[in-house]
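Trainee: Mind folding the following:
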Amino acid sequence: MKNDYSRSIAMLCPTCGSDEFSFDNDLTETERTYECTSCGMEFTHEDIMDQNQDTISRAVEGMKKEIVADIRTDFRKIFK
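Mentor: Residues are numbered from 1 along each chain as shown. Next up, the predicted model:
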């Protein structure tokens, strides 16, 4: 089984669909305002997460399937 199942998920602007945002790195995620570099709309961390929940959920489901498949493979190898 792999040791790392982490993924990067591109958050998309709910207004224009861009995946590029500017923000202040000195602030925590919950304090930041994310500004879309294409349309200029501003969002909180919570707004971006809420608007991209379907994308996040699909990625999590994909990861779950991959982990379960890897576990099954490992068990088959162990109990041969």
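
Trainee: How about the secondary structure of the nearest residue to C16 once chain neighbours are set aside?
Mentor: Sequence neighbours aside, C39 is the residue nearest to C16 in space, at 4.2 Å (criterion: CB to CB, 6 or more residues apart in numbering). All C-beta atoms are positioned from the backbone trio N, CA, C, and that covers glycine. Using DSSP: H, G, I helix; E, B strand; the rest coil, the structure places C39 in coil.

Trainee: The one 4 residues further on now?
Mentor: Assigned state for F43: strand (three-state reduction, three-state DSSP).

Trainee: With D24 instead?
Mentor: At D24 the chain is in coil, as set by three-state DSSP.

Trainee: And the pLDDT at it?
Mentor: Looking at D24, its pLDDT reads 92.

Trainee: OK, contacts around it?
Mentor: Contacts of D24 were listed using CB atoms under 8 Å, 6 or more residues apart in numbering, and they are R32, T33.
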